[in-house]
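> Based on what follows, work out the 3D shape:
(one chain, ligands or ions: 2)
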Amino acid sequence: MEHLTCKLLIVGAGPGGYICAIRAGQLGIDTIVVDQAKPGGTCLNVGCIPSKALIHAADEFDKLRSFGSNSALGISAQKPAIDLAQTVAWKDEIVGRLTTGVTGLIRKAQARFLSGPATFQDGKTVLVETADGTKSIRAENVVIATGSSPIELSFLPFGGKVVSSTEMLALNDVPDRLVVVGGGYIGLELGTAFAKLGSKVTVVEASASILPQYDRALTKPVSTALKALGVDVLTKTKAVGQGKKGLKIEFEGGEKQELEADKILVTVGRTPRTDSAGIPSLDLTMEGPFIHIDAQCKTSMRNVYAIGDVTGEPMLAHRAMAQGEMVAELIAEKSRVWDDKIIPAVCFTSPEIVTCGMDPTMAKEAGFDVITGQFPFTANGRAMTMESEAGFVRVVARASDHAIIGIQGVGSNISEMASAFSIAIEMGARLEDISHIVQAHPTQSEGLQEAALAALGHALHV
Ligand code: FAD
Ligand code: NAD
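Numbers count the residues shown, from 1 in each chain. Ligands and ions are numbered 1, 2, ... in the order given. Next up, the predicted model:
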């Protein structure tokens with residue numbers, strides 16, 4: 001067996017692990033990063049990027065379909081068709097370009113990438129089964145970045161027509177009837193995409209509302225759009241098993257029914273990969289299935305760090321990346337700490353939802369006296385010209401000094417405003433700062449300025 005040593009060993013080359021490797025390499029740290037699959041992790045291979053590619057294709061197809069029936073724009077088009085296998089091949093080509101790019105970036109930073117499953121022997125030693133045989137790696141510092149997998153329901157195991165997001169993103173044909181279990185991020189992003197591609201979609205959600213972590217004002221435009229797309233949303237309804245024709249469900253009162261389905265997509269959350277690869281044998285303090293970390297991503301074991309989905313919510317790629325970059329700098333003995341960073345979240349539904357910082361309820365629960373301002377896109381010229389009038393921008397500010405502590409919004413393409421929302425909060429902007437900045441016209445970004453003005457009591461366009 002070959003024995004390798006390094007200063008930093010990273011297990012998992014997803015957004016957390018590969019960013020950590022690149023930054024560590026840039027800082028001159030002798031680094032090895034191991035992955036059993038292609039670099040890029042869930043995000044690049046079967047998550048963020050493939051889903052957004054499919055959503056884009058579905059939007060384009062849906063747009064063409066809308067031109068077939070009395071388009072207000074005066075555009076008409078012949079009945080469009082889609083070859084999903086070709087769409088998936090296009091998506092795979094983008095994924096290939098990105099994973100190859102990440103491999104190149106790791107190499108450029110002079111970190112070493114090792115391909116194969118890793119198993120912890122102890123907190124500083126890992127065995128990797130590579131194509132050239134087993135290699136033992138001993139490191140001064142270790143980062144656990146093994147990510148997460150889809151939760152499998154015991155009564156609805158994956159296989160046959162029951163699929164996870166991974167299989168759903170690789171289908172060759174659009175299913176006629178798609179039942180989605182779980183009206184959260186993945187269920188609604190993919191459910192909406194397949195409805196636009198022509199599936200008859202039903203979403204089964206156990207809670208009283210879709211996207212239960214968001215307030216009703218934010219989810220209402222999404223619910224309205226789902227209805228317009230012909231998606232049936234059954235809230236307070238649970239999946240209970242697979243039937244001969246599809247999915248067995250149970251309504252709140254106990255009444256049961258079977259929904260006919262060609263595919264059943266189960267998206268009821270993701271579980272951290274902390275139950276394998278020798279991780280349970282390590283002396284790590286856990287928080288349920290997640291690894292407990294402090295404000296520097298340090299675990300309970302000396303020189304063992306954990307980043308990304310294994311460390312809990314929010315399970316988002318950009319959080320994993322920011323943690324990875326911080327840990328590399330810490331190992332290079334730079335002074336870094338995770339100090340209540342704003343982590344924007346975007347749900348790529350139609351319309352999209354963006355949340356940054358505290359919403360009014362969270363602010364109240366945290367003891368803040370707040371004022372809020374909201375600006376609807378129905379009053380925004382650019383939104384009208386883009387046929388994107390659903391939604392709004394909402395600003396939450398401390399009543400005492402007008403410091404902005406939260407910005408949320410829902411609207412078409414509002415994901416591109418997430419950056420402005422985060423920067424405003426992280427840089428300590430007050431309502432007056434945002435309302436005095438000149439915004440380009442006509443843009444949806446004017447909505448942010450108008451929301452700040454609305455909080456001050458003098459919005460100009462409503
Ligand atoms: P992962 O990306 O899961 O990477 C972990 C890596 O570790 C994997 O490559 C795995 O092969 C490797 N690994 C695990 N165990 C071992 C082992 N024993 N040996 C060797 N290698 C191992 N987030 C967003 O921010 N925006 C989005 O739009 C978004 N969309 C998503 C859409 C879908 C359909 C899904 C499923 C997820 C989405 N996410 C999104 C979530 C995002 O993908 C994750 O938060 C992110 O990938 C987590 O990064 P990570 O580095 O912690 O882990
Ligand atoms: P989720 O937590 O977003 O949603 C799961 C939903 O399933 C919840 O609404 C829950 O109430 C419901 N549910 C649970 N058990 C059920 C049952 N038996 N029957 C019916 N409904 C049930 O989880 P997800 O959609 O699987 O996504 C996982 C994670 O991936 C997200 O939390 C997020 O961190 C990440 N993600 C992010 C993005 C993004 O940033 N745009 C996109 C996709 C995924």
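> The residue of the stretch 101-250 of the chain found nearest ligand 2: neighbouring residues, count only.
Residue of the stretch 101-250 of the chain nearest ligand 2, by C-beta to the nearest ligand atom: G184 (1.8 Å). (C-beta placed from N, C-alpha, C; glycine too.) Neighbour count for G184, taken as other C-beta atoms under 10 Å: 20.
> isn't it right up against T267?
Yes: at 6.3 Å, G184 counts as touching T267 under the criterion of C-beta atoms under 8 Å.
> coming back round to it: give me the pLDDT value at the residue of the stretch 101-250 of the chain closest to ligand 2.
In this model, G184 is scored at 98, pLDDT.
> and it, what does it touch?
210-212, 267-269 (C-beta atoms under 8 Å, 6 or more residues apart in numbering).
> quick one: which helix or strand includes R23?
Per DSSP states H and E: R23 is located in helix 15-26.
> tell me how far that helix is from the chain's mean position?
Centroid separation between helix 15-26 and its chain, computed with C-alpha atoms, centre = their mean, to the nearest Å, is 20 Å.
> which helices and strands sit right next to it?
strand 2-11, strand 31-35, helix 41-46, helix 84-108, strand 133-144, helix 317-331 (3 or more C-beta pairs under 8 Å, 6 or more residues apart in numbering; DSSP states H and E).
> among those, which is the most enclosed?
Highest mean neighbour count of the helices and strands packed on helix 15-26: strand 31-35, a mean of 26 (counted as mean count of other C-beta atoms under 10 Å).
> Among the contacts of G184, name the buried ones.
Buried members of the contacts of G184, counted by 16 or more other C-beta atoms under 10 Å: 210-211, 267-268.
> among those, which are in helices?
Assigned to helices by DSSP state H, none of these qualify.
> quick one: which of the helices and strands packed on helix 15-26 is nearest ligand 2?
Among those, helix 317-331 sits nearest to ligand 2 (C-beta to the nearest ligand atom), with 7.4 Å.
> for the record, mean pLDDT for the closest one?
Helix 317-331 comes out at a mean pLDDT of 98.
> residues from this structure in reach of ligand 1?
Residues of the chain lying close to ligand 1 by C-beta under 6 Å from any ligand atom are 11-17, 34-37, 41-43, 47-48, 51, 117-118, 145-148, 165, 186, 273, 277, 308-309, 315-318, 320.
> Can you say which of those residues are buried?
Judged by 16+ other C-beta under 10 Å, buried ones among those: 11-17, 34-37, 41-43, 47-48, 51, 118, 145-148, 165, 186, 273, 277, 308-309, 315-318, 320.
> what subset of these is also close to ligand 2?
186, 315-316.
> nearest to L84, of those?
I186 (18.4 Å; C-beta to C-beta).
> Just want the most central residue of the chain.
Residue closest to the mean C-alpha point of the chain, counted by C-alpha atoms, centre = their mean, is L316 at 4.8 Å.
> quick one, helices of this structure?
Using DSSP H, the helices of the chain run over 15-26, 41-46, 48-66, 84-108, 165-168, 185-197, 216-229, 317-331, 360-365, 381-385, 418-426, 431-436, 446-456.
> Nearest to R138 among these would be which one?
It's helix 317-331; of those, that one is closest to R138 (C-beta to C-beta) at 15.8 Å.
> Export stretch 80-99 to PDB, keeping only CA atoms.
Presented in PDB, the C-alpha positions along stretch 80-99 are these (Å, rounded to 0.1, in the frame of the first residue of the first chain):
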ATOM      1  CA  PRO A  80     -43.300  23.300 -30.300                       C
ATOM      2  CA  ALA A  81     -41.800  19.900 -29.600                       C
ATOM      3  CA  ILE A  82     -39.100  18.800 -27.200                       C
ATOM      4  CA  ASP A  83     -36.600  16.000 -27.300                       C
ATOM      5  CA  LEU A  84     -35.800  15.600 -23.600                       C
ATOM      6  CA  ALA A  85     -32.900  13.200 -24.300                       C
ATOM      7  CA  GLN A  86     -31.200  16.000 -26.300                       C
ATOM      8  CA  THR A  87     -32.000  18.500 -23.500                       C
ATOM      9  CA  VAL A  88     -30.300  16.200 -21.000                       C
ATOM     10  CA  ALA A  89     -27.300  15.700 -23.300                       C
ATOM     11  CA  TRP A  90     -27.000  19.500 -23.500                       C
ATOM     12  CA  LYS A  91     -27.200  19.700 -19.600                       C
ATOM     13  CA  ASP A  92     -24.600  16.900 -19.300                       C
ATOM     14  CA  GLU A  93     -22.300  18.900 -21.600                       C
ATOM     15  CA  ILE A  94     -22.500  21.900 -19.300                       C
ATOM     16  CA  VAL A  95     -21.900  19.700 -16.300                       C
ATOM     17  CA  GLY A  96     -18.800  18.100 -18.100                       C
ATOM     18  CA  ARG A  97     -17.400  21.600 -18.900                       C
ATOM     19  CA  LEU A  98     -17.800  22.600 -15.200                       C
ATOM     20  CA  THR A  99     -16.300  19.500 -13.600                       C
END
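> starting at the chain centroid, how far to it?
Centre to centre, stretch against its chain (C-alpha atoms, centre = their mean), the figure for stretch 80-99 is 20 Å.
> Repeat that for stretch 74-84.
Centroid separation for stretch 74-84 versus its chain: 30 Å, with C-alpha atoms, centre = their mean.
> Compute the mean per-residue pLDDT across that stretch, please.
Stretch 74-84 comes out at a mean pLDDT of 93.
> Enumerate the positions of that stretch that are buried.
82, 84.
> what's the span of it, first residue to last?
28 Å (C-alpha to C-alpha, to the nearest Å).
> Next: stretch 194-203.
Start-to-end, stretch 194-203 (C-alpha to C-alpha) is 12 Å.
> same deal with stretch 77-90?
Start and end residues of stretch 77-90 are separated by 23 Å (C-alpha to C-alpha).
> Which residues does it contact?
Counting by C-beta under 8 Å, 6+ apart, 53-54, 57, 61, 64-65, 67-68, 169-174, 197-198 sit against stretch 77-90.
> What's the ChimeraX line that selects buried ones from these?
Buried residues among the contacts of stretch 77-90 (16+ other C-beta under 10 Å), as a ChimeraX selection:
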select :53,54,57,61,64,65,169,170,171,174,197,198
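> Apart from its neighbours in sequence, what residue is nearest R270?
Nearest residue to R270, sequence neighbours excluded (C-beta to C-beta, 6 or more residues apart in numbering): S148, at 4.1 Å.
> How about the residues of the stretch 51-200 of the chain by ligand 2?
Proximity of the stretch 51-200 of the chain to ligand 2, by C-beta under 6 Å from any ligand atom, involves residues 181-187, 189.
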